[in-house]
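**Student:** model this:
(one chain, ligands or ions: 3)
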Amino acid sequence: MTQVHLHAKDISTLTGQTLVVFSKAASQKDKPAKITHTETAKALAETISDKIVSGSASEAISFREARFLGFRHVICVGLGAESKISAESVRQAAAALIKEVKSLKTTEAFVHFDGVTASKKESAEFMQAFVEGLHLASYSFDELKSSDKKTKEDIQIHMVTKSGKDKAIAQAFHEGTILAACSNFAKRLGDMPGNLMTPTALADEAIRAAKGTALKVTAWDKKRIEKEKMGGLLGVAAGSAQEPRFIVMEYFGAAKTKKPIAFVGKGLTFDTGGISIKPSAKMEEMKYDMCGGAAVIGTMLAISQLKLKINAVAYVPATENMPGSRATKPGDVHTARNGKTFEINNTDAEGRLILSDALCYASEQKPEIIIDTATLTGAIVVALGNVHTGYFTRNSPLKSKIEKAATKSGELVWNMPLTDYHVKDMKGTFADLSNVSSANGAGSATAAAFLEQFVGEGIPWAHFDIAGTAWACGNRLNYCSAKGATGVMVRTFVEIAKQY
Ligand code: BES
Ligand code: ZN
Ligand code: ZN
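**Tutor:** Numbers count the residues shown, from 1 in each chain. Ligands and ions are numbered 1, 2, ... in the order given. Below you'll find the model as predicted:
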């Protein structure tokens, strides 16, 4: 467990185990790095001129037993060249610090935050980013290990700044804490295996997490889903012994007359592919196929904890995709909630089917916008790898809001094309639609075109395909686990919500 505290103090008035100072890379190669706590810089003068401290981004160097000011050890955390420091580099620096704190085996560190920047505006922004980085990097999933294998370290990080009482700084600290906690909440849902994170369990987690907040969460059972004519969700759930759930989350932070913003997330708790079964290699990764659902649940928790003055709703269709004896077969035709029929030519393209009903239901609420997210296609992984989330929208004001939000959150997104050509490719032969494209390639765009058929006329809508970004596989950001769910999109979605 890592706890992070904020102190309105001058660092030189404190004593403790470890002092953390920032170092910045010199603008010229032959010049030494700059340490932003002058006293420390003087004390470490030789080390700096020998360039042991380079100040480069995400460098963290410990000086054990430095016995400096009232502290025993000193850690220098690099921020890179002054002109290139951004919220994201600060977030990454925080992750580097967490790693170093763990390897130093210190349990307490005091961060001299006044050294991060001289700008007031930046210091609030960087405070949020640093706190996010600390919490995100501290996440670990070991609740399923026996107790002697669990990480036990208790780390206390103290953020020390003279302006700790400033409203903007305190608010930034608060926001960073909530955003990271809700992203970590989403990671945990993703990391839980399919046998434990069933549709029912996912619904229960959402209900439990919302207790004591202004969020109202309900979960429809199979009977209710049948009554609501959700043929897409039922068709996918047909092959599984686990009952589906349709999770509904509501938050009213503004007048009831204000239109809500609606989130929809794919809650496929395990995707075997169904009768069109997937190859066994890496099939275990398909426990992450509910990360879209986890992202919107995390987003709603954050919105309510931040007490945003907006209305927001979220819908998570949750089911397994299994090849049981009652499973949907290739060629079967099902009817979505809005009456449109689809032939299922590949039972592995199931995400779009469960989302169809959820998008219909979301549209019926007449929301301001609809945002959906899903681990929808392998094609997006081919197109963008695992750094950028691909998003689709035909609404340019919404596109601008998304870009602005992602710049703030640091989560990388990439705008993908969605046209009438893609819609044409999804026409069915025996039903209105086919769940697979008749054309070659552009598998993510045709999937998006399918989803678009269930979005109400005139409602601004964007779809985020997180198949490549929902879990880390070793080559991602250093505040993500080396392997596991990333909690991606929570931070960006909250930033989008804040714009309404
Ligand atoms: N859950 C998968 C998409 C996926 C693939 C997520 C790889 C994460 C990593 C989805 O349900 C799926 O299987 N999609 C198919 C669609 C195809 C049959 C049209 C795919 O992308 O192969
Ligand atoms: Zn699938
Ligand atoms: Zn899937």
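
**Student:** State the number of residues packed around the residue of the stretch 101-250 of the chain found nearest ligand 3.
**Tutor:** Across the stretch 101-250 of the chain, no residue is closer to ligand 3 than residue 236, which sits at 9.2 Å (Cβ to the ion). C-betas here are computed from N, CA, C, even on glycine. By the criterion of other Cβ atoms under 10 Å, residue 236 has 29 neighbours.

**Student:** I'd like to know the phi and psi angles of it, please.
**Tutor:** Backbone torsions of residue 236, given as degrees, to the nearest 10, read phi -70, psi -40.

**Student:** the strands in the stretch 301-450 of the chain, which residues?
**Tutor:** 311-321, 333-335, 341-343, 369-374, 389-393, 413-415, 433-434 (DSSP state E, counting those that start in this stretch).

**Student:** For residue 225, which non-adjacent residue is spatially closest?
**Tutor:** Computed as Cβ to Cβ, 6 or more residues apart in numbering, the closest residue to residue 225 that is not its neighbour in sequence is residue 246, at 5.4 Å.

**Student:** who touches that neighbour in this structure?
**Tutor:** 219-220, 224-225, 228, 230, 233, 315-318, 357-358, 361 (Cβ atoms under 8 Å, 6 or more residues apart in numbering).

**Student:** same thing but at 7 Å, please
**Tutor:** By Cβ atoms under 7 Å, 6 or more residues apart in numbering, the residues touching residue 246 are 219-220, 225, 230, 233, 315, 317.

**Student:** ok, now residue 499?
**Tutor:** By Cβ under 7 Å, 6+ apart, the neighbours of residue 499 are 401, 405.

**Student:** Can you give me the distance of it to ligand 3?
**Tutor:** To ligand 3, residue 499 is 30 Å away according to Cβ to the ion, to the nearest Å.

**Student:** quick one: that residue is in a strand?
**Tutor:** No - under DSSP: H, G, I helix; E, B strand; the rest coil, residue 499 falls outside any strand and is assigned coil.

**Student:** pLDDT wise, what is it at?
**Tutor:** Note for residue 499: predicted pLDDT of 98.

**Student:** so what's the backbone phi/psi at it?
**Tutor:** Residue torsions, per degrees, to the nearest 10, at residue 499 are phi -80, psi 0.

**Student:** next one: residue 99
**Tutor:** phi -60, psi -40.

**Student:** burial count for it?
**Tutor:** Count around residue 99 with other Cβ under 10 Å applied: 14.

**Student:** Report the beta-bridge partners for residue 109.
**Tutor:** residue 18, residue 157 (DSSP bridges).

**Student:** quick one: the residue of the stretch 101-250 of the chain closest to ligand 3 and residue 353 touch, right?
**Tutor:** Yes - taking contacts as Cβ atoms under 7 Å, residue 236 lies within contact range of residue 353: 5.3 Å.

**Student:** who's in contact with the closest residue to ligand 3 within the stretch 401-500 of the chain?
**Tutor:** For the stretch 401-500 of the chain and ligand 3, the shortest gap (Cβ to the ion) falls at residue 467, measuring 8.2 Å. With contacts defined as Cβ under 7 Å, 6+ apart, the neighbours of residue 467 are 375-378, 380-381.

**Student:** Which of the three states applies to the residue nearest to residue 225?
**Tutor:** Once three-state DSSP is applied, residue 246 turns out strand.

**Student:** go on, residue 160?
**Tutor:** Residue 160 is classified as strand under three-state DSSP.

**Student:** Those residues of this structure touching ligand 2, which are they?
**Tutor:** 271, 348, 350 (Cβ under 5 Å from the ion).

**Student:** 6 Å instead?
**Tutor:** 271, 273, 321, 348, 350 (Cβ under 6 Å from the ion).

**Student:** close enough to count as contact, the fourth one and residue 274?
**Tutor:** Yes - using Cβ under 7 Å, residue 348 and residue 274 qualify as a contacting pair, with a distance of 6.3 Å.

**Student:** who has more neighbours, those two?
**Tutor:** Neighbour tally, residue 348 and residue 274, criterion other Cβ under 10 Å: the higher count belongs to residue 274, 27 against 20.

**Student:** what pLDDT does the more buried one get?
**Tutor:** Looking at residue 274, the pLDDT reads 98.

**Student:** cool, and the one 5 residues further on?
**Tutor:** According to the per-residue confidence, residue 279 scores 98 in pLDDT.

**Student:** residue contacts, the residue in the stretch 301-450 of the chain positioned nearest to ligand 1?
**Tutor:** The minimum distance from the stretch 301-450 of the chain to ligand 1, using Cβ to the nearest ligand atom, falls at residue 378 (3.4 Å). Counting by Cβ under 7 Å, 6+ apart, residue 378 touches residue 467.

**Student:** hmm, try it at 10 Å
**Tutor:** 278, 348, 443-444, 467-468 (Cβ atoms under 10 Å, 6 or more residues apart in numbering).

**Student:** quick one: the helices in the stretch 51-200 of the chain?
**Tutor:** All helices of the stretch 51-200 of the chain, identified by DSSP state H, counting those that start in this stretch, fall at 87-104, 120-138, 167-191, 199-210.

**Student:** Now do the helices in the stretch 401-500 of the chain.
**Tutor:** Counting by DSSP H, counting those that start in this stretch, the helices of the stretch 401-500 of the chain are 420-424, 443-452, 490-497.

**Student:** can you put those in TSV and add mean neighbour count?
**Tutor:** As requested, the helices of the stretch 401-500 of the chain are exported to TSV (neighbours: other Cβ atoms under 10 Å):
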stretch	mean neighbour count
helix 420-424	15
helix 443-452	26
helix 490-497	26
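
**Student:** Give me the neighbour count for the closest residue to residue 47 other than its chain neighbours.
**Tutor:** In this structure, residue 47 finds its nearest non-sequential neighbour in residue 53, 5.8 Å apart by Cβ to Cβ, 6+ apart. Using other Cβ under 10 Å, residue 53 has 25 other residues around it.

**Student:** Got phi/psi on residue 53?
**Tutor:** Dihedral angles for residue 53 - degrees, to the nearest 10 - are phi -100, psi 110.

**Student:** before we move on, the earlier item: among the contacts of residue 246, which ones are in helices?
**Tutor:** 225, 233 (DSSP state H).

**Student:** Out of the contacts of residue 246, which comes closest to residue 481?
**Tutor:** Of all these, residue 317 has the smallest distance to residue 481: 26.8 Å, by Cβ to Cβ.

**Student:** of the contacts of residue 246, buried ones?
**Tutor:** 219-220, 225, 230, 233, 315, 317 (16 or more other Cβ atoms under 10 Å).

**Student:** on that earlier part again, which pair of the contacts of residue 467 spans the longest distance?
**Tutor:** The two members of the contacts of residue 467 with the most space between them (Cβ to Cβ) are 376 and 381, at 10.5 Å.

**Student:** quick one: which of the two has more around it?
**Tutor:** residue 376 (29 against 16).

**Student:** so that one touches residue 469, yeah?
**Tutor:** No - Residue 376 is not in contact with residue 469 according to Cβ atoms under 10 Å; the separation is 11.8 Å.

**Student:** Pull up the overlap in contacts between those two.
**Tutor:** Common neighbours of residue 376 and residue 469 (criterion: Cβ under 10 Å, 6+ apart): residue 390.

**Student:** Going by proximity to ligand 2, name the top residue of the chain.
**Tutor:** Closest point on the chain to ligand 2, by Cβ to the ion, is residue 348, at 3.8 Å.
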